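> Sequence and predicted structure, then a few things I'm wondering about:
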Amino acid sequence: MSDPAFAAEQLGAFIASSRPGTLPAALRHEGLRSLLNFFGGALGVAQDPTVTTAVQVMAPFSGPQRATLIGRAERLDAMGAAFVNAIAANLLDFDDTHLETVIHPTAPVAPPLLALAELRGLSGAALLHAFILGAEVECRIGCAVSPGHYARGWHITSTCGVFGAAAGAACLLGLNAEQCMAALGIAASQSAGLVENLPTAAKNVGMGNAARNGLLAALFAEAGYTAAPSALEGRLGWARAMGDAPEAARITEGLGEHWEFAHNTYKPYPAGIVFHAVIDACLDLRDGLDPATVTEIVVAGDQLLLDRGDRPLRNARDARVSIHHAAAVTLLRGSAGVEDFEAAAVHDPAVTALRGKVRAELDALLPRGAARVTLLTQGGERRSIEVRDPRGSAARPMTDAELEAKYRINAEGHDAEAQITRLWALEAEADIGTLMVLFGRPDA
């Protein structure tokens, strides 16, 4: 190891030396919450045409060892299963979020680890441990390049998710420090995903590749492939190639003591996390309001809110990242569930008319994740509410019971109670393969 060590070397040593059962109990519980949320989200869209298409494209190229596709009868090899399950988990923007980076930590990291653990007969304790380390690496690398990386157009969940997948897989494989470092370096050459593509199915490919390519990186490292120790922050390395000079200390300082993953949050609404304050404000504002009397809706927020949500709306994907739709549909219907962001809601004439009255404006003094919504009515009434800590945020986290309730809604038609019970007891699972039987669909 060089002196001073590069970030990938320090991460590699950290991953290789960490052991299951040694992480703080609260952190392990957060990992269980994340996985519960992940499985529910994937089950909710298991039969979605987007997921079906991904299965159909990947199936002809799948190898003989087959892993579970969540909520489906088909099985694919580890690469294919990682690809498809990552797409499903992130499809509705209903997955978890690390707010500082706006990374969705679990979707790119859990699928390759589940496939690997299933095929190799690994335990639930090993899986949970590897998942938490992978998510931690993912978030730390994201912190080092935020906010410039995302502002330049890189979809940070995909671009940093590949590192989380590689780190977690390296941990599950029991790689040594040099191999773990190599896995991260190999992943750096496979990092991609564009913000411009978020309203399209191209986003799904970026998500699937983050999961699949991270697993591939770890397997190549296991087989002896190497990478530059400076691949992350070197002069011609990943961070500088894809943005500004990284804040490398955010990657390495306090490893094993400070946990970025502990700041993970969960969504009560299937929309981008920065729109949740808009939704909460509109839910409060509609008390006693006749939406037909509204003449103008002004939504104020930081630059990220405007960059993500102040743009044309064409389809359901756009709706999930639209200031105008989030405000209009919530005010009109008093709800912000999955059906409120589907095509029928997008094309509802009443929602469309109210969307036309929404105007977004910048308030640089509002922190990320906050919003202020102001309504004007025909009678001259002015109502305004500012929300800085929306439901599901770190300040107002979803409880375990709320996560379970969300799971039951997403997993309708599946054996939700048995699944919830087994997921909370994940560390007692001797073989992940027996758990995954619960999440396939043999009768489909």
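Everything's here; your move. Numbers count the residues shown, from 1 in each chain.

> hey, let's count contacts and neighbours off CA atoms from now on
Noted.

> Please work out the average pLDDT along the one helix or strand residue 215 maps to.
Using DSSP states H and E, residue 215 sits within helix 202-222. If you average the pLDDT over helix 202-222, you get 98.

> can you check stretch 163-177 too?
The pLDDT scores in stretch 163-177 average 98.

> and what of stretch 138-151?
Confidence for stretch 138-151, expressed as mean pLDDT, is 96.

> likewise stretch 362-377?
So the average pLDDT for stretch 362-377 ends up being 96.

> Buried residues in that stretch, which are they?
Neighbour-count burial for stretch 362-377 flags 363, 366, 368, 369, 370, 371, 372, 373, 374, 375, 376, 377 (criterion: 16 or more other Cα atoms under 10 Å).

> For the closest residue in space to residue 98 that isn't next to it in sequence, the count of nearby residues, please.
Once flanking residues are discounted, residue 98 sits nearest to residue 264: 4.8 Å by Cα to Cα, 6 or more residues apart in numbering. By other Cα atoms under 10 Å, 27 other residues sit near residue 264.

> The one 10 residues further on too?
By other Cα under 10 Å, the residues close to residue 274 number 26.

> Also residue 56?
11.

> which outside residues touch the host helix or strand of it?
Using DSSP H and E, residue 56 falls within helix 49-58. Helix 49-58 has contacts (Cα atoms under 8 Å, 6 or more residues apart in numbering) with 45, 46, 76, 80, 84, 87, 88, 201.

> Where do the domain boundaries of this structure fall?
7-266+397-439, 273-387 (automatic domain parsing).

> I figured residue 234 was touching residue 242, is that so?
No. Using Cα atoms under 8 Å, residue 234 makes no contact with residue 242, being 11.9 Å away.

> Those two: which has the busier surroundings?
residue 242 (20 against 17).

> If you drop the residues flanking it in sequence, what lies closest to that one?
residue 149 (6.7 Å).

> counting contacts, what elements does the helix or strand hosting the one you found pack onto?
Assigned by DSSP H and E, residue 149 belongs to helix 148-151. Packing partners of helix 148-151 (3 or more Cα pairs under 8 Å, 6 or more residues apart in numbering; DSSP states H and E): none among the helices and strands.

> got the buried residues for that helix?
149, 150.

> mind saving the C-alpha coords of it as CSV?
The C-alpha coordinates for helix 148-151 follow below in CSV (Å, rounded to 0.1, in the frame of the first residue of the first chain):
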residue,chain,number,x,y,z
GLY,A,148,-21.0,19.3,-8.7
HIS,A,149,-21.1,15.7,-10.1
TYR,A,150,-24.9,15.7,-10.3
ALA,A,151,-25.0,19.3,-11.6
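
> confidence score at the residue most central in space within the chain?
Centroid-nearest residue in the chain: residue 104, 2.1 Å away (criterion: Cα atoms, centre = their mean). Looking at residue 104, its pLDDT stands at 97.

> ok, now the one 3 residues further on?
According to the model's per-residue confidence, residue 107 sits at a pLDDT of 98.

> Just give the nearest non-adjacent residue to it, would you?
Closest residue to residue 107 apart from its sequence neighbours, by Cα to Cα, 6+ apart: residue 86 at 5.0 Å.

> That neighbour against residue 211, yeah?
Yes. Here residue 86 reaches residue 211: they are 6.5 Å apart, a contact under Cα under 8 Å.

> Spit out the residues that contact the two alike.
Residues touching both residue 86 and residue 211 (Cα under 8 Å, 6+ apart) are 107, 108, 111.

> Compare those and tell me which has the most neighbours.
When neighbours are counted by other Cα under 10 Å, residue 108 leads those with 39 neighbours.

> Would you confirm that the residue nearest to residue 98 contacts residue 96?
Yes. With contact defined as Cα under 8 Å, residue 264 counts as touching residue 96 (6.7 Å).

> circling back: and whatever helix or strand comes next after the helix holding residue 56, average pLDDT?
Using DSSP H and E, the helix or strand that follows helix 49-58 in sequence is strand 67-68. Rounded to a whole number, the mean pLDDT of strand 67-68 is 98.

> What is the subsequent helix or strand relative to strand 67-68?
Going down the chain from strand 67-68, the next helix or strand is strand 75-76, by DSSP H and E.

> quick one, phi/psi of residue 386?
Phi and psi for residue 386, reported as degrees, to the nearest 10, are phi -110, psi 130.

> ok, now which ones touch the closest residue to it other than its chain neighbours?
The shortest distance from residue 386 to any non-neighbouring residue, by Cα to Cα, 6+ apart, is to residue 372 (4.0 Å). When contacts are counted by Cα under 8 Å, 6+ apart, residue 372 touches 277, 278, 281, 299, 300, 301, 384, 385, 386, 387.

> which SS state does residue 372 fall under?
Here residue 372 is recorded as strand under DSSP: H, G, I helix; E, B strand; the rest coil.

> Can you give me the neighbour number for the residue nearest to residue 107?
30.

> With residue 135 instead?
The number of residues packed near residue 135 is 32, by other Cα under 10 Å.

> Which elements pack onto whichever strand or helix holds it?
Using DSSP H and E, residue 135 sits in helix 124-145. If you count contacts as 3+ Cα pairs under 8 Å, 6+ apart, helix 124-145 packs onto helix 25-44, helix 106-120, helix 156-173, helix 249-252.

> overlap in contacts of residue 234 and residue 242?
Counting by Cα under 8 Å, 6+ apart, no residue touches both residue 234 and residue 242.

> So which of the contacts of residue 372 are in strands?
299, 300, 301, 384, 385, 386, 387 (DSSP state E).

> Great, nothing more from me.
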